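K.L.:
only the shape, not the letters, is given here:
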């Protein structure tokens, strides 16, 4: 059976899952989730004209020409603290002591910072030593956002900064998409749990932690990590137990066609519907996506390098779709640091760091690569994409690099 292209496989994988229905959660519980509806400002920020610093509320024209030798002397009529309303209106010849965030008294049109003034010993007058224009050190009502203005679209990831804005509007709850419940199942007779002795021919099981961490980075709620030997009966028991408990079940190992690669065969025997079975991708070619009952199943290769690439290209988009968004990563053109030979029919994704060059496109420094290698992604900045259709790439050939940092998210459904 011919392998599916990477772009077609990614689209087919998304058909295995639908966005979850939105839910209302408390603000802190929304961190890392994605907004399900557009958010508009329920009030203006700031809510009133207020002082940007500690100082003196004045009429600006009363300060004109003032300096250290010839200060402008004003009578103190009020003290205004943040959270309190002024008690009187300011008239010519008057000033009010004011503190950061306090509402501006009626009649005042400027603030003089406290370092540029000095109160008399009896606190009845203040000498102003500088001239200030109208509006000086005043935060105007609504200068950051006006009531009814759009703030965040559906699909916005809820960061600490977003939570701060929502809280400043008085919100206690917010509409978000649920986090997908995920279980990870690692298979392989050679696997030994970390913390126990391992013989040279055995492998410490790292994929459970690796894949669980990747899933969490994609917003998932990882419910269970478990192992199964290369045994069809044990694997069947594990799949039938785990699948009903989660939205997405991710397996690692046993994905190929060897004598002990049972995962796809057992899923088929259980009636799973396959959306993807093998992708023209290296590393990660055996990856598959299926649906078992109501649960999406992603079958990853057992080699950590291949599992990472396959997760990134198929499992991550699937988990994000459940949360109502699709992700777009930035791409840059870069020149290869070395020649590279590949299978012409496959897309290669090679972990890369970028080296800036003055006046030239950056150089893509290819990391040591292999399906079984696990160190190459540490400090990696993105994937150098070697597309299908050619086998040989020369040093300094230009390729696209898909960057990991600062992705953009957009809703998979029309804005609510």
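P.N.:
Happy to help now that I have it. Quick caveat: nothing in here was measured; it's all calculated off a predicted structure. Numbers count the residues shown, from 1 in each chain.
K.L.:
which helix or strand contains the closest residue in space to residue 411 that isn't next to it in sequence?
P.N.:
Excluding the flanking residues, the one nearest residue 411 by Cβ to Cβ, 6 or more residues apart in numbering is residue 155, at 3.9 Å. For the C-beta atoms, the positions are set from N, CA and C on the backbone; glycine is no exception. According to DSSP states H and E, residue 155 maps onto no helix or strand at all.
K.L.:
next, count neighbours for residue 155.
P.N.:
Residues lying near residue 155 (other Cβ atoms under 10 Å) number 23.
K.L.:
wait, it sits on residue 413?
P.N.:
No - the pair residue 155 and residue 413 does not pass the contact test of Cβ atoms under 8 Å, sitting 9.2 Å apart.
K.L.:
which residues are common contacts for the two?
P.N.:
residue 324 (Cβ atoms under 8 Å, 6 or more residues apart in numbering).
K.L.:
in the stretch 151-300 of the chain, where is pLDDT below threshold?
P.N.:
189, 204, 258-260 (pLDDT under 70).
K.L.:
all helices for it, in order.
P.N.:
Here the stretch 151-300 of the chain has its helices, by DSSP state H, counting those that start in this stretch, at 160-168, 207-217, 232-242, 263-269.
K.L.:
do you know which of those helices lies nearest residue 39?
P.N.:
Ranking the helices of the stretch 151-300 of the chain by proximity to residue 39 (Cβ to Cβ) places helix 160-168 first, at 7.1 Å.
K.L.:
output the contacting helices and strands for the closest one.
P.N.:
If contacts are counted by 3 or more Cβ pairs under 8 Å, 6 or more residues apart in numbering; DSSP states H and E, helix 160-168 sits against strand 150-152.
K.L.:
contacts for the strand it packs on, please.
P.N.:
The contact list for strand 150-152 (Cβ under 8 Å, 6+ apart) reads 35, 38, 39, 40, 41, 145, 162, 165.
K.L.:
that older thread, quick one: which of the helices of the stretch 151-300 of the chain is nearest residue 250?
P.N.:
For those, the distance to residue 250 is smallest for helix 207-217, at 5.7 Å, taking Cβ to Cβ.
K.L.:
what packs against the closest one?
P.N.:
For helix 207-217, the packing partners by 3+ Cβ pairs under 8 Å, 6+ apart are strand 181-187, strand 221-228, strand 248-252, helix 304-310.
K.L.:
same question for stretch 221-235: list its buried residues.
P.N.:
Buried residues in stretch 221-235, defined by neighbour count with 16 or more other Cβ atoms under 10 Å: 222, 224, 225, 227, 228, 229, 230, 232, 235.
K.L.:
find the residue closest to the third one in space, skipping its chain neighbours.
P.N.:
Right, the one you point to is residue 225. residue 208 (4.4 Å).
K.L.:
now do the contacts for the one you found.
P.N.:
Contacts for residue 208 were tallied using Cβ under 8 Å, 6+ apart; they are 184, 186, 225, 226, 227, 252.
K.L.:
surely the fourth one touches residue 238?
P.N.:
Yes - using Cβ under 8 Å, residue 226 is in contact with residue 238, at 6.4 Å.
K.L.:
what sits in contact with each of those two?
P.N.:
residue 185.
K.L.:
quick revisit: quick one, which of the helices and strands packed on helix 207-217 is nearest to residue 26?
P.N.:
Per Cβ to Cβ, nearest to residue 26 of the helices and strands packed on helix 207-217: strand 221-228, 15.8 Å.
K.L.:
helices or strands next to the closest one in the packing?
P.N.:
Where contact means 3+ Cβ pairs under 8 Å, 6+ apart, strand 221-228 is packed against strand 181-187, helix 207-217, helix 232-242.
K.L.:
return the most buried member of the ones you listed.
P.N.:
Greatest average neighbour count among those goes to strand 181-187 (a mean of 26), per mean count of other Cβ atoms under 10 Å.
K.L.:
now what about that strand, what contacts it?
P.N.:
Here strand 181-187 has contacts from 205, 207-208, 211-212, 215, 220-230, 235, 238-239, 242, 245-254, 262-263, 302, 319, using Cβ under 8 Å, 6+ apart.
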